[in-house]
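**Student:** give me a model of this one.
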Amino acid sequence: MLAIGIIPARYSSTRLPGKPLVDLGGKSMIQRVVEQARQSSLSRVVVATDDERIQQHVLGFGGEAVLTSSDHPSGTDRVREAYEQLGVQANCIINIQGDEPFIHPAQIDALVTLFDRAAPPQLATLVKAVVSDEELFSPHLPKVVLDTQGYAMYFSRHPLPYQRQFPSADWLLHHRYLRHIGLYAYRPDVLREITQLAPSPLEQAESLEQLRWLEHGYRILTAETELATLGIDTPEDVERALLQLKIMN
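**Tutor:** Below you'll find the model as predicted:
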């Protein structure tokens with residue numbers, strides 16, 4: 001099976017300009033993401049960027065990178081263009097966040113495995129159990145509810161379900177909540193289709209792109225992980241990442 005990992009990496013960032021090139025203990029963030037992804041079962045790992053500085057940096061450390069349009073509204077659109085530039089026929093494409101330098105190879109493999117079956121899913125993503133009230137009520141950590149087969153029914157920045165019979169402080173005692181981990185996998189034909197969809201009302205209400213796909217009838221299969229990740233969005237996140245590196249070393 002041919003599984004390709006594509007890492008969208010924009011130079012512009014409101015809170016952390018040049019984010020992919022930020023130094024984390026002697027290596028750039030994008031290099032650390034690439035190196036982690038290469039430890040998975042992916043056949044190929046490619047950075048998709050809109051900036052020549054990032055492209056040249058990736059090529060300089062021995063990575064593979066393609067230059068894409070700067071007009072893409074989302075990372076999904078950038079992944080599609082990069083895949084089309086590669087000119088290959090993959091079984092699945094994994095969209096790997098370019099700001100998660102501690103992504104676990106096992107998390108990537110969990111999604112790849114879902115496509116190694118007679119009837120692969122249209123789309124797939126990761127979920128993780130919520131372990132604290134801070135996670136549960138944070139609007140920055142989307143939650144997801146699943147059907148009995150592990151397909152996503154809805155994503156929200158609000159805790160779902162709402163437990164009417166209990167105070168919110170006790171919700172975790174009475175229900176197992178799941179949060180969404182933003183690692184996506186697509187069949188190539190589905191990737192082409194979803195990038196042609198217009199924004200949907202639910203997506204605009206929650207500011208969650210995956211709701212557009214659900215509203216248009218696509219099914220998203222999930223795999224569960226127990227592994228935590230650390231996304232980098234602010235200078236404070238960089239400091240936390242440096243501390244994590246010290247602990248790991």
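
**Student:** so Tyr151 makes contact with Thr222?
**Tutor:** Yes. Between Tyr151 and Thr222 there is a contact under Cβ atoms under 8 Å: 7.1 Å. (Glycine included, C-beta is placed from N, CA and C.)

**Student:** which of those two has more neighbours?
**Tutor:** Thr222 (24 against 16; other Cβ atoms under 10 Å).

**Student:** I'd assumed the more buried one was in a strand, is it?
**Tutor:** Yes. Judged by DSSP: H, G, I helix; E, B strand; the rest coil, Thr222 forms part of a strand.

**Student:** against Ala48, how distant is it?
**Tutor:** Plainly put, Thr222 is 24 Å away from Ala48 if you go by Cβ to Cβ, to the nearest Å.

**Student:** what do you get for Cys92?
**Tutor:** The spacing between Cys92 and Ala48, counted by Cβ to Cβ, is 16 Å.

**Student:** again, but for Tyr162
**Tutor:** For Tyr162, the distance to Ala48 - Cβ to Cβ - is 38 Å.

**Student:** okay, the two: which has more neighbours?
**Tutor:** Each of Tyr162 and Ala48 has its neighbours counted (other Cβ under 10 Å); Ala48 has more, 28 against 9.

**Student:** ok, and the closest non-adjacent residue to that one?
**Tutor:** Leaving aside its sequence neighbours, Ala48 sits nearest to Ala82 (Cβ to Cβ, 6 or more residues apart in numbering; 3.5 Å).

**Student:** does that neighbour sit in a helix, a strand or a coil?
**Tutor:** helix.

**Student:** now for it: which residues touch it?
**Tutor:** If you count contacts by Cβ atoms under 8 Å, 6 or more residues apart in numbering, Ala82 has them with 6, 8, 46, 48, 66, 68.

**Student:** count of residues packed around Ser13?
**Tutor:** Neighbour tally, Ser13, other Cβ under 10 Å: 15.

**Student:** so it sits against Lys19, correct?
**Tutor:** Yes. Distance between Ser13 and Lys19: 4.5 Å, which falls inside the contact criterion (Cβ under 8 Å).

**Student:** between these two, what contacts are shared?
**Tutor:** Contact criterion Cβ under 8 Å, 6+ apart; residues shared by Ser13 and Lys19: Asp233.

**Student:** so where's the protein uncertain?
**Tutor:** 14, 249 (pLDDT under 70).

**Student:** can you give me the buried ones in stretch 184-194?
**Tutor:** Within stretch 184-194, the residues that count as buried by 16 or more other Cβ atoms under 10 Å are 184-188, 190-191, 193-194.

**Student:** helices of the chain, residue ranges please.
**Tutor:** 29-38, 52-60, 75-86, 105-114, 133-137, 171-174, 188-194, 201-206, 210-215, 235-248 (DSSP state H).

**Student:** and the third one, what's buried?
**Tutor:** By that I understand helix 75-86. Those would be 75-83, 86, for helix 75-86 by 16+ other Cβ under 10 Å.

**Student:** I'd guessed Val145 sits against Tyr154; true?
**Tutor:** Yes. Applying Cβ under 8 Å as the test, Val145 and Tyr154 come out as touching, 5.4 Å apart.

**Student:** which residues do those two both contact?
**Tutor:** Leu160.

**Student:** who wins on neighbours among the contacts of Ala82?
**Tutor:** Ile6 (31 neighbours).
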